[in-house]
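Participant: Based on what follows, work out the 3D shape:
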Amino acid sequence: MLRLHFTAEDLLQVTFAADPAPLMELGFAVALLQHGTVAQFARWQRKTRAAFPREATALFGLVPPTARGPMFLDPLSRGLEEGLDRIRATPPARVRAELGRVCPTHRPVTPWIKDLAAQEREAWQTLEHALRTAHSALVNESWSRIEAGFQAERAWRTRLLARDGIRTTLAGLAVGARWEGTTLVLPRPDDAEVALAGHGVVLLPSVLWPRPMVALYDDAPSILIYPGVTALPLLEEVPADPLGVLLGRTRAAILDLLPRAHSTSDIAKELGISKSSASEHTKTLRDARLIVTQRDGKAVWHSCTPLGLELLRGAGTSGLR
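Facilitator: Got it, this is the predicted structure:
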């Protein structure tokens, strides 16, 4: 069991990650390739092992089958390049500490690991090349499905939070989860006790990992990773533009953005249209009761109504199925 001891401050600061984390999903994929057969991933494991590029196998020296590799290797980021920048910016002392935690307990200390700890340039170039190669092989082609699964999960959990509250929502993250006072008990094969530090918790669903994990930070919100309802092998390909004919391409694209709130300026920038055009289209969607609009100072924010979410789900866009 994973036992998470919440403080009152942690419960008051539970948030949801804004986007899926590409390098975290990559780390989980690398771990799954070394893991014993997991039922919902069995076919994916066989197929992916056969096609996994040799240049990426260096990552097996860092990421064990438990997925408890160095924490600097999988920062929260909105894309590969941002993530690689954060990895390169990791302070040397933290690199050495994390490599010391992982090796030799979970992974052997190889000459390459020693060179990484010593900040040898060639070793870090090998790491970057392995990450890029593995990302291309394991994550890139599936990214639209990963995003779809994430957004569907986020929209659903957010609605549960509004309806049932934080304790019920957190207890619903995994089958068999329960509360014991202010301790959230999550089912896992091993036992772990984690005392949160009062900085809050970020919820991050994964479509590539079958059990809960926590990344604990002393000076920042901890990250609670939990398995999404639908694993990657079961996520369907996202249709190209199912709402375009019904709503018009631009309005369909706007609605597709709004499971998460966007301002009028955000919409205009995201879609490359003028603010006046974005305002006209959002008015049409609002009149159709597909979105709601709220003003906050000078900014105007838009988000889907339940009807809008149901329309997205029925059309299969944004993964809301």
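Participant: C-alpha coordinates for stretch 56-63, CSV please?
Facilitator: C-alpha atoms of stretch 56-63 as CSV (Å, rounded to 0.1, in the frame of the first residue of the first chain):
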residue,chain,number,x,y,z
ALA,A,56,17.8,4.4,-26.6
THR,A,57,18.7,1.4,-24.5
ALA,A,58,21.1,3.6,-22.4
LEU,A,59,18.0,4.6,-20.5
PHE,A,60,17.7,1.1,-19.1
GLY,A,61,20.8,1.9,-17.1
LEU,A,62,18.9,4.8,-15.3
VAL,A,63,15.2,3.8,-15.2
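Participant: Go ahead and name everything in contact with it.
Facilitator: 27, 30-31, 33-34, 69-70, 73, 102, 107-108, 110, 112-113, 126-127, 130-131, 133-134, 137 (CB atoms under 8 Å, 6 or more residues apart in numbering). Every residue, glycine included, has its C-beta placed from N, CA and C.
Participant: how about 6 Å then?
Facilitator: G27, V30, A31, G69, R107, T110, T126, A130, T133, A134 (CB atoms under 6 Å, 6 or more residues apart in numbering).
Participant: Okay, buried residues for stretch 102-111 please.
Facilitator: V102, C103, R107 (16 or more other CB atoms under 10 Å).
Participant: Any idea how far apart the tips of that stretch sit?
Facilitator: This stretch, stretch 102-111, spans 15 Å end to end (CA to CA, to the nearest Å).
Participant: ok, how many other residues are close to L255?
Facilitator: By other CB atoms under 10 Å, 26 other residues sit near L255.
Participant: Make sure it is indeed in a helix.
Facilitator: Yes: assigned with DSSP: H, G, I helix; E, B strand; the rest coil, L255 falls within a helix.
Participant: Please tabulate the buried residues of stretch 102-111 in a markdown table and include pLDDT, secondary structure and distance to E9 as additional columns.
Facilitator: Compiled in a markdown table, the buried residues of stretch 102-111 are given as follows (pLDDT from 0 to 100; DSSP: H, G, I helix; E, B strand; the rest coil; distance: CB to CB, whole Å):
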| residue | pLDDT | secondary structure | distance to E9 |
| --- | --- | --- | --- |
| V102 | 92 | helix | 30 |
| C103 | 90 | coil | 34 |
| R107 | 89 | coil | 35 |
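Participant: okay if I get those as CSV plus distance to L309?
Facilitator: Formatted as CSV, those follow (distance: CB to CB, whole Å):
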residue, distance to L309
V102, 41
C103, 46
R107, 43
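Participant: List just the nearest of the residues you listed to G248.
Facilitator: Taking CB to CB as the measure, G248 lies nearest V102 of the buried residues of stretch 102-111, at 51.8 Å.
Participant: Relative to T133, how far out is the spatially closest residue to the closest one that is not a sequence neighbour?
Facilitator: Leaving out its chain neighbours, the residue that sits closest to V102 by CB to CB, 6 or more residues apart in numbering is P70, at 5.4 Å. Separation of P70 from T133 (CB to CB, to the nearest Å) stands at 18 Å.
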